[in-house]
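A.B. asks: I need the structure of the sequence given here:
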Amino acid sequence: MSRVSAVILLLLSLFACKSIPTEKKAAVQIAFIADVHLQDIFGKFQDNNYQGIPNPVTGEFANIRTMNSQLHSTRIFNENYFAFLEALNDISRRGIQQVVLPGDFSDDGQPIHVRGLRKILEKYTQKYGLTFFVTTGNHDVVRPFSQEAAKTDFLGKDGKEQIISSSKINLDDHELEPIITSDIKNWGYKETLNEMADFGFYPQKSYLYWETPFSSYNYESYNFDKASKESVLQKRIYPLKNTNLSLPDASYLVEPIKGIWLLAIDANAYVPNEKLSGLMDNPYDYSGASIGYNNVLIYKNHLINWVKKVSAEAKQKGKILIAFSHYPMIDFNDDASPEMKLLFGSNKMQLSRVPNEEVAQTFADAGIQIHFGGHMHINDTGVRTTAKGNTLFNIQTPSLAAYKPAYKILTIHSNSEVEVETVVVGSVLKFDSLFPFYEEEYAHLQNIKSSNIWNKDILKSKDYEGFTEWHLKELVRLR
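C.D. replies: The predicted structure is shown next:
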């Protein structure tokens with residue numbers, strides 16, 4: 001575990017009201033782990049006995065994706081499982097108890113992987129006293145409602161590709177018989193929130209306060225029973241602009257520690273297709289949510305009004321407000337995006353995901369001063385000050401599933417001084433335990449004389465950080 005790659009001290013005007021003094025308190029620490037993209041490589045299907053293939057060295061069964069698929073993707077699918085456990089162990093050793101996952105906690109919201117994540121979070125809750133707060137990303141709720149899905153690039157016997165699908169499919173160009181299981185479908189809001197209910201999405205008795213954009217009560221009249229009744233998903237629905245449809249919203253505000261408010265913004269904005277089926281819960285009526293806040297301004301205006309209300313109440317009540325969501329609120333390319341568009345084109349280098357300036361201006365003036373995002377798998381700190389004098393810090397949290405793998409620690413020193421630390425997850429136990437699988441895959445690719453075969457030197461990586469660096473180099477070469 002590398003110690004620190006950066007420490008940033010932020011001075012915030014959290015309390016402009018003269019009636020609320022800025023006082024020094026015991027430091028509170030919160031860890032942020034974005035874009036885990038967890039796949040439960042040791043998980044078991046509930047409706048199929050298939051358990052993957054045995055490790056050629058240990059004999060332990062695992063259900064992993066091919067190295068070839070990893071090196072063509074912007075994220076690692078397999079080794080990040082061990083990196084996540086290493087990050088949680090490090091957080092536990094530091095004595096930090098509040099952990100936030102700003103979206104893409106799973107990789108496409110398959111039941112087997114979401115269940116696996118829940119079990120890990122429950123273990124660390126029970127063993128180390130950690131408390132987790134999560135929000136949705138575009139890889140957690142791919143569409144607002146469940147849909148059939150398949151992956152063609154799992155690793156099967158003899159190094160061959162194995163299809164795993166939630167419904168029967170016929171593909172002539174694959175040597176192995178497809179595995180059929182409903183555990184590989186993409187879950188929607190209903191199923192995902194139910195499985196992850198204990199991690200912020202619904203009120204818990206231990207919370208001092210909890211609300212949604214749709215709550216009718218206030219801080220003074222709050223009680224757990226009232227919050228529970230209003231937390232059901234049917235009461236957390238917003239109308240979709242220019243349609244007769246409505247969609248769920250998973251946003252929530254929680255006070256887990258006295259004086260600290262965590263604002264979880266569900267910035268998944270699903271754009272309706274031009275032609276709609278007429279059904280209320282058809283996942284195929286919508287595009288994905290990967291654009292983020294540019295579409296939030298169009299389709300989820302209710303969130304802006306809610307943020308304004310929450311921010312004003314936080315200031316009035318002397319609460320420290322920390323916002324988080326999956327998507328960036330500020331240009332994450334050190335404000336070089338305009339030049340990059342001229343050089344590469346507006347649709348290259350993920351430039352379509354850069355938030356418009358209006359996003360930062362809107363949320364800064366709505367009262368957010370510090371926001372933790374993910375999505376881009378890169379480290380960045382963006383700052384904007386509006387004409388009204390409101391300043392927003394956007395902290396981009398790197399991914400554990402890409403180079404450079406890291407997580408963030410927020411230390412709240414006082415009402416006006418916070419510190420952001422970037423911890424690189426460089427050394428990971430068992431990071432190379434799956435390499436014997438890839439040896440078999442490589443031999444198969446050689447045998448069939450595959451073109452653009454991946455570089456086997458990646459299997460010589462000395463640590464996890466080096467492995468992710470190899471991943472990035474091969475991603476560039478193979479793409």
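
A.B. asks: okay, now the unreliable bits of the protein?
C.D. replies: By pLDDT under 70, the weakly predicted segments of the chain are 1-7, 10-25, 171-173.

A.B. asks: quick one, helices of it?
C.D. replies: For the chain, helices defined by DSSP state H occupy the ranges 67-70, 80-93, 111-128, 189-195, 224-230, 293-299, 301-317, 337-344, 357-365, 435-447, 464-478.

A.B. asks: among those helices, which comes closest to Ile265?
C.D. replies: Each of those has some distance to Ile265 by Cβ to Cβ; the shortest is helix 301-317, at 6.2 Å. All C-beta atoms are positioned from the backbone trio N, CA, C, and that covers glycine.

A.B. asks: and the contacts of that closest one?
C.D. replies: 14-17, 20, 213, 219, 238, 249, 251, 253, 261, 263, 265-267, 296-297, 319-321, 323, 362-363, 366-368 (Cβ atoms under 8 Å, 6 or more residues apart in numbering).

A.B. asks: buried subset of those residues?
C.D. replies: Neighbour counting by 16 or more other Cβ atoms under 10 Å classes 14-15, 213, 238, 249, 251, 253, 261, 263, 265-267, 296-297, 319-321, 323, 362-363, 366-368 among these as buried.

A.B. asks: so for this protein, the centremost residue is which one?
C.D. replies: Gly103 (2.1 Å; Cα atoms, centre = their mean).

A.B. asks: for that one, give its distance to Asn194.
C.D. replies: 18 Å (Cβ to Cβ, to the nearest Å).

A.B. asks: what about Pro178, neighbour count?
C.D. replies: Neighbour count for Pro178, taken as other Cβ atoms under 10 Å: 17.

A.B. asks: what residues are up against the nearest residue to it once chain neighbours are set aside?
C.D. replies: In space, and not counting its chain neighbours, Pro178 is closest to Ile163: 4.0 Å by Cβ to Cβ, 6 or more residues apart in numbering. The neighbours of Ile163, taking Cβ under 8 Å, 6+ apart as the test, are Ala150, Lys151, Thr152, Phe154, Ile169, Leu171, His174, Leu176, Pro178, Ile179.

A.B. asks: with Pro272 instead?
C.D. replies: Leu240, Asn242, Thr243, Leu245, Asp285, Tyr286.

A.B. asks: pretty sure the first one sits against Tyr299.
C.D. replies: Yes. Judged on Cβ atoms under 8 Å, Leu240 makes contact with Tyr299 at a distance of 6.5 Å.

A.B. asks: next, show the common contact partners of the two.
C.D. replies: Tyr270.

A.B. asks: where's Ile30 relative to Pro256, distance?
C.D. replies: On the measure of Cβ to Cβ, Ile30 and Pro256 end up 9 Å apart.

A.B. asks: which of those two has more neighbours?
C.D. replies: Ile30 (25 against 20).

A.B. asks: hmm, Tyr407 and the more buried one touching each other?
C.D. replies: No. Judged on Cβ under 8 Å, Ile30 makes no contact with Tyr407 at a distance of 10.9 Å.

A.B. asks: tell me the contacts of Met376?
C.D. replies: Met376 neighbours (Cβ under 8 Å, 6+ apart): Pro328, Phe332, Gln350, Arg353, Gln396.

A.B. asks: Pro248 too?
C.D. replies: Pro144, Tyr189, Lys190, Leu193, Leu233, Arg236, Ile237.

A.B. asks: quick check, nearest of the residues you listed to Lys127?
C.D. replies: Leu193 (24.6 Å).

A.B. asks: please name the nearest non-neighbouring residue to the closest one.
C.D. replies: Distances taken as Cβ to Cβ, 6+ apart place Phe201 nearest to Leu193, at 4.7 Å, with adjacent residues excluded.

A.B. asks: now Asn273, nearest residue through space, not along the chain?
C.D. replies: Nearest residue to Asn273 in three dimensions, chain neighbours excluded: Asp285, at 5.6 Å (Cβ to Cβ, 6+ apart).

A.B. asks: next, count neighbours for Asp90.
C.D. replies: 17.

A.B. asks: now do the shared contacts for Ile30 and Pro256.
C.D. replies: Here Ile30 and Pro256 share the contacting residues Gln98, Leu262, scored by Cβ under 8 Å, 6+ apart.
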